[in-house]
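Chemist: below is the structure, and that's it, no one-letter string:
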């Protein structure tokens, strides 16, 4: 596909998204209907679509054609070449479109920062003077980070193995055992380092959260909202602990046994009906369902699909998660509440409400990471029973 044809494909996908189709579904449908598109073509179209979704409002919103024109201008691309009308490229710009592109957009803060208008007050209240920098950081693509399975080898060994397969990495500046991918991130899953279990894909902030959780040797650890099990794998690799994983939707953990075997660790799967019969855990880690507002540069579609009702429902789920998980902690144990959100309503306020109802639970450690060049936004709170 030519660069213009890729832009035309992105326009078609964006129009499907504007009509209500989730981004991943729209991209999958386009790929299935475009067998001529190679892997580089699919990656390029995906990049165009996600670059637009990260900055949809600051690009002026509107139809896919308008959005791709603004993106090309923002990124200093040759708009006339991309919109040439030749071959499979989009039609050439009209005089009206050219004039519109030459007219600066008048944007209020919420639009300039690409935060939904209804959410902007809560965003500002949560982040204060960091509201704008944190929002603007999410207009850019996130770096790819890797976690080194220390039971398989060292970061230096992983870097060397990755380099042999064309993937360049460097050590993360502040998270031990974390590697930042500098070149060829899409090759990671085909490398020997990945296939042999030496590395796992995991954001730096998630790795940091596991490292910030107090785990004694021999402790029983439960990853309560495990999802795919990335943090359970990190706990099992980092600590001399007995690690279990649970998720209310067990199908999310279907790949976990294979990943654990590849990493050389043991993780027990615990289903919801079996929780009451288990011994209590020394550490219960709850990465609760949330808005994902700290990860919107990775899932920008989620930002625009979030509604006040959806956020309210998530906050109720978070309260339920804390309530249910707290009953699984052994005497003297630790309850950890975490989200990949930066909104106080989902984080500190949720914890405070829980502690008001259960005053014997006390916060001993609480940190909020904001999305930046070093990782996603992430909230991490350690509670102990007094």
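Modeler: Received it, and whenever you're ready, just let me know what you need. These figures come from a predicted structure and were not determined experimentally. Numbers count the residues shown, from 1 in each chain.

Chemist: and residue 5, what does it touch?
Modeler: 87-89 (Cβ atoms under 8 Å, 6 or more residues apart in numbering). C-betas here are computed from N, CA, C, even on glycine.

Chemist: residue 13 now?
Modeler: Counting by Cβ under 8 Å, 6+ apart, residue 13 makes contact with 23, 26-27, 30, 45, 49, 64.

Chemist: what about the closest residue to residue 177 other than its chain neighbours, distance to residue 369?
Modeler: Excluding the flanking residues, the one nearest residue 177 by Cβ to Cβ, 6 or more residues apart in numbering is residue 148, at 4.8 Å. To residue 369, residue 148 is 20 Å away according to Cβ to Cβ, to the nearest Å.

Chemist: quick one, which of the two is more surrounded?
Modeler: Between residue 148 and residue 369, counted using other Cβ atoms under 10 Å, residue 148 has the larger neighbour count: 26 against 20.

Chemist: quick one, phi/psi of that one?
Modeler: For residue 148, the backbone dihedrals (degrees, to the nearest 10) come out as phi -80, psi 130.

Chemist: name the helices or strands packed onto the longest strand belonging to the chain?
Modeler: For the chain, the longest strand by residue count, based on DSSP state E, is strand 329-339. Counting contacts by 3 or more Cβ pairs under 8 Å, 6 or more residues apart in numbering; DSSP states H and E, strand 329-339 packs against strand 281-287, helix 308-326, helix 348-357, strand 378-385.

Chemist: could you check that strand and say which residues are buried?
Modeler: Judged by neighbour count using 16 or more other Cβ atoms under 10 Å, the buried positions of strand 329-339 are 329, 333-339.

Chemist: just the residues you listed now: which is nearest residue 194?
Modeler: residue 338 (25.2 Å; Cβ to Cβ).

Chemist: does the closest one touch residue 287 like I think?
Modeler: Yes: proximity of residue 338 to residue 287 meets the contact threshold set by Cβ atoms under 8 Å, at 4.8 Å.

Chemist: common neighbours of these two, please.
Modeler: Residues within reach of residue 338 and of residue 287 at once, by Cβ under 8 Å, 6+ apart, are residue 209.

Chemist: who are the contact partners of residue 344?
Modeler: By Cβ under 8 Å, 6+ apart, the neighbours of residue 344 are 122, 125-126.

Chemist: how about residue 116?
Modeler: 110, 303-304, 306.

Chemist: mind checking which of the contacts of residue 13 land in helices?
Modeler: In helices, judged by DSSP state H, the following of the contacts of residue 13 are found: 23, 26-27, 30, 45, 49, 64.

Chemist: the strands in this protein, which residues?
Modeler: 145-148, 168-171, 178-183, 199-201, 220-223, 242-245, 267-269, 281-287, 329-339, 361-369, 378-385.

Chemist: how far does the first one sit from the chain's center?
Modeler: Centroid displacement of strand 145-148 relative to its chain, using Cα atoms, centre = their mean, to the nearest Å, is 14 Å.

Chemist: direction included, what does it pair against?
Modeler: strand 178-183 (antiparallel), strand 199-201 (antiparallel) (DSSP bridges).

Chemist: before we move on, what about the second one?
Modeler: According to DSSP bridges, the neighbouring strands of strand 168-171, each with its direction, are strand 178-183 (antiparallel).

Chemist: which residues does the partner strand contact?
Modeler: 143-148, 155, 158-159, 162, 166-172, 188, 199, 204, 207-208.

Chemist: 10 Å instead?
Modeler: Identification of contacts with strand 178-183 by Cβ atoms under 10 Å, 6 or more residues apart in numbering yields 143-148, 155, 158-159, 162-163, 166-173, 187-188, 193, 199, 201-208, 211, 373-375.

Chemist: of the residues you listed, buried ones?
Modeler: Buried among the contacts of strand 178-183 (16+ other Cβ under 10 Å): 143-148, 155, 158-159, 162, 167, 169, 172, 188, 193, 199, 202-208, 211, 374-375.
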